[in-house]
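[1] Quick check, what structure comes out for this input:
(chains A and B)
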Amino acid sequence: MNELSLFSVGISILEITYIIASVLFILGLKMLSHPLTARRGNIYAAIGMIMAIVATILFHQKEGKPIGNIGLIIGAIVVGTIIGWVIAKRVRMTAMPQLVSFFNGMGGAAAALISMMEFPHVSPELIAESGMSNGHVLAILLGLVIGTVSWAGSMIAFGKLDGWIGDLRVKAMKFVNLTILAVIVVLVAYIMTRDVQAASELTTFIYIIFAIAVVYGVLFVMPIGGADMPVVISLLNSFTGVAAAMGGFLYNNQAMLTGGILVGSAGTILTVLMCRAMNRSLLNVIVGVFGGGGKANTEEAGTVKEITVSDAAVLLSYSKKVVIVPGYGLAVAQAQHICHELDKLLEEKGVEVKYAIHPVAGRMPGHMNVLLAEADVPYEQLVESDEVNPDLPNTDVLVVIGANDVVNPAAEDDPSSPIYGMPIIKARDARNIIVMKRGMGKGYAAIENMLFFNSKTRMLFGDAKGTLQNLVNEVKAL
Amino acid sequence: MESILQFLLENKGAIFMVILSIFLGIEVISHVPAILHTPLMSGANAIHGVVIIGAIIVMGHAETTGAMILGFLAVVLGTLNVVGGFVVTDRMLEMFKKKK
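    I've put the predicted structure just below:
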């Protein structure tokens, strides 16, 4: 067998591997959406990924040249694997949302880097034949813009979720953002209409676009309030998918194309599903300057009434039916284990305890489910809001732990409220309401919550973990 | 404009695939229960780490030192996305499984 046919054998193996990898991605994603098969699905997708990576290193060739710098490539993979593995294993379960956001940003950055490096190498023959306005250049530029926005946005989302970047809300922001977006479009059009011999003459513009896209990514996420964070992460996730798919166009690479587009479309649908859970449009989440608003007369909202830990313990112990509404506060305080301890104690006393899970409670969809799963709370105890609402009038005590917007009656009463129309857990229908909260601060959406002033509501101030611990001790002592 | 049309024609296979993949993506996850939203997002996050293939290709043909540094960085970041994504997803799903 001469060298040439050896090469074509390699190419065939590569292409077949890409097909298998694509099938594994699709299967993996499909299996991930069913509880019983989810874990295997994740492993299938990972196997597909490993196959695609190994085959690329071994068999990929560009203009007859195989992959070079193999030592460095493997070195980089080893470095990335060690860092990624350690971070992923070490991070607390409560920090999952920021972690997903972080890894998502890494993918976006990789896509942007690829575009930056490929741009000067657009083949002069292609430029001579069709100028700069060809699909190849378009794919590079789109990969650059989308990848960069995804990276910068994810880093800001990461910082906000981790609590070291606050919200920035200025009314003019949406005009600024739209202007920046327009500038990017103009620059892309400018590059594509230049008459040049080689793309490298325009490299400066690539860096300008990169810089502006960073600014856009930052400003795009800055004003978005905590309550909308899940939507944004999901959206950025699908952005990175599209950026990866642009690379697929660039290299005519099927695995990148299917993988990227699959995530792009699945991510978009997931984003839409989440928006629907909040009864808001995607556009509203992105350009709407969230927060503020609500009742104008919040000052006169009334007074809140507190309850002592021992009274709360008595109230809970002598109830028939208790519903717990967990929120991000539970996650921050790492209180999921102690919370489960409380519900076990109560169940021993014959109290029926359920957890009401709002689809957007926490900082990611399903955030509460993951947390409570970590604490070993059985599936059967978790109920979704639609299920629990009709049952609330028969509920003796509803305990809100670190949740706010998802129980805010303004969603039903106050048409001027930004969350008006969002389906909520109708906490005020319960016979008694106990709200555990760190202080009287407003929720992530910065909207006054009238539930706290309801005559049936008693506040239990303090860190969720400490308060729950005291409550457990009191219940035990009874 | 003409060259873009030509590009569309030359890549009609890829475009066909893109359109089918869009429908597939929607179809595959449209009935997912809320409890799996986070792991699903995380799993999808790992899958778009497939961008690492592009990073490997770019690195494999890098010649200048500058290109090598950027390429190295791209491969590291891509790997972070892939490894971190899959490991985190597995960690989440492991907890779901325990109680079954």
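
[2] the helices in chain B, which residues?
    Here chain B has its helices, by DSSP state H, at B:2-10, B:12-29, B:37-47, B:52-60, B:65-98.

[3] Could you point out which of those sits nearest residue A:104?
    For residue A:104, the closest of these is helix B:37-47, at 5.1 Å, according to C-beta to C-beta. Bear in mind the C-beta positions are built from the backbone N, C-alpha and C, glycine included.

[4] May I ask which helix or strand of chain A has the lowest mean pLDDT?
    helix A:282-287 (a mean of 72; mean pLDDT, DSSP states H and E).

[5] what's the neighbour count on residue A:421?
    Residues lying near residue A:421 (other C-beta atoms under 10 Å in any protein chain shown) number 13.

[6] One more: the one 4 residues further on?
    Residue A:425 has 27 neighbours, counted by other C-beta under 10 Å.

[7] Next up, identify which helix or strand it is on.
    Using DSSP states H and E, residue A:425 sits within no helix or strand.

[8] Contacts only, for it.
    A:325, A:356, A:358, A:385, A:388, A:389, A:392, A:406, A:407 (C-beta atoms under 8 Å, 6 or more residues apart in numbering or on different chains).

[9] Pipe these into a markdown table and attach neighbour count and pLDDT per row.
    Putting those into a markdown table (neighbours: other C-beta atoms under 10 Å in any protein chain shown; pLDDT from 0 to 100) gives the following:
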| residue | neighbour count | pLDDT |
| --- | --- | --- |
| A:325 | 30 | 93 |
| A:356 | 29 | 92 |
| A:358 | 24 | 86 |
| A:385 | 22 | 82 |
| A:388 | 24 | 89 |
| A:389 | 17 | 91 |
| A:392 | 20 | 91 |
| A:406 | 30 | 87 |
| A:407 | 26 | 90 |
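
[10] Domains in chain A, by residue range?
    The record's domain split for chain A, according to automatic domain parsing, is A:1-90, A:93-290, A:298-477.

[11] Of those, flag the one that's most buried.
    domain A:93-290 (a mean of 22; mean count of other C-beta atoms under 10 Å in any protein chain shown).

[12] coming back round to it: make TSV from the domains of chain A and add distance to residue B:19 to it.
    Formatted as TSV, the domains of chain A follow (distance: least, C-beta to C-beta, whole Å):
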stretch	distance to residue B:19
domain A:1-90	15
domain A:93-290	9
domain A:298-477	27
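
[13] closest to residue B:39 out of these?
    domain A:1-90 (6.0 Å).

[14] Give the residue spans of chain B that score low on pLDDT.
    B:1-4, B:34, B:96-100 (pLDDT under 70).

[15] separation between the residue most central in space within it and residue B:62?
    Per C-alpha atoms, centre = their mean, the C-alpha nearest to the average position across chain B is that of residue B:48, at 1.3 Å. Distance of residue B:48 to residue B:62, given as C-beta to C-beta, to the nearest Å: 23 Å.

[16] if we can go back for a sec, now, of the helices of chain B, which is deepest in the fold?
    Counting by mean count of other C-beta under 10 Å, the most buried of the helices of chain B turns out to be helix B:37-47, with a mean of 31.

[17] so how far is it off the chain centroid?
    11 Å (C-alpha atoms, centre = their mean, to the nearest Å).

[18] Report the angle between it and helix B:12-29.
    160 degrees (axes from the mean of the first three to the mean of the last three C-alpha atoms, to 10 degrees).

[19] Could you check the angle helix B:37-47 makes with helix B:65-98?
    Using the same axes, to 10 degrees, helix B:37-47 lies at 150 degrees relative to helix B:65-98.

[20] do helix B:37-47 and chain A meet?
    Yes: Helix B:37-47 comes into contact with chain A (C-beta under 8 Å from any C-beta of the partner chain), by way of B:37, B:38, B:39, B:40, B:41, B:42, B:43, B:44, B:45, B:46, B:47.

[21] the domain parsing of chain B - what is it?
    Looking at automatic domain parsing, the domains of chain B come to B:1-31, B:33-100.

[22] what about chain A, any weak spots by pLDDT?
    A:1-7, A:226-227, A:278-279, A:287-302, A:365, A:441-447.

[23] Just give the nearest non-adjacent residue to the residue nearest in space to the middle of it, would you?
    Against the mean C-alpha coordinate of chain A, by C-alpha atoms, centre = their mean, the closest residue is residue A:233 at 3.0 Å. Nearest residue to residue A:233 in three dimensions, chain neighbours excluded: residue A:101, at 5.2 Å (C-beta to C-beta, 6 or more residues apart in numbering or on different chains).

[24] in which helix or strand would I find that neighbour?
    helix A:96-118.

[25] Now do that helix: distance to the chain's middle.
    14 Å.

[26] Dump that helix to CSV, restricted to CA.
    C-alpha atoms of helix A:96-118 as CSV (Å, rounded to 0.1, in the frame of the first residue of the first chain):
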residue,chain,number,x,y,z
MET,A,96,-22.9,24.2,40.1
PRO,A,97,-24.5,27.1,38.1
GLN,A,98,-21.4,29.2,38.1
LEU,A,99,-19.3,26.2,37.2
VAL,A,100,-21.5,25.4,34.2
SER,A,101,-21.2,29.0,33.2
PHE,A,102,-17.4,28.9,33.6
PHE,A,103,-16.9,25.8,31.4
ASN,A,104,-19.3,27.3,28.9
GLY,A,105,-17.2,30.4,28.7
MET,A,106,-14.1,28.3,28.1
GLY,A,107,-15.7,26.7,25.0
GLY,A,108,-16.7,30.1,23.7
ALA,A,109,-13.1,31.4,24.2
ALA,A,110,-11.7,28.4,22.3
ALA,A,111,-14.1,29.1,19.4
ALA,A,112,-13.0,32.7,19.3
LEU,A,113,-9.3,31.8,19.4
ILE,A,114,-9.8,29.4,16.5
SER,A,115,-11.4,32.2,14.4
MET,A,116,-8.7,34.6,15.3
MET,A,117,-6.0,32.2,14.2
GLU,A,118,-7.7,31.0,11.0
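
[27] Remind me what that helix packs against, helices and strands.
    Helix A:96-118 makes packing contacts with helix A:70-90, helix A:135-161, helix A:203-221, helix A:229-251, helix A:367-374, helix B:37-47, helix B:52-60, helix B:65-98 when contacts are defined by 3 or more C-beta pairs under 8 Å, 6 or more residues apart in numbering or on different chains; DSSP states H and E.

[28] repeat that with 6 Å
    When contacts are defined as 3 or more C-beta pairs under 6 Å, 6 or more residues apart in numbering or on different chains; DSSP states H and E, helix A:96-118 packs onto helix A:135-161, helix A:229-251, helix B:37-47, helix B:52-60, helix B:65-98.
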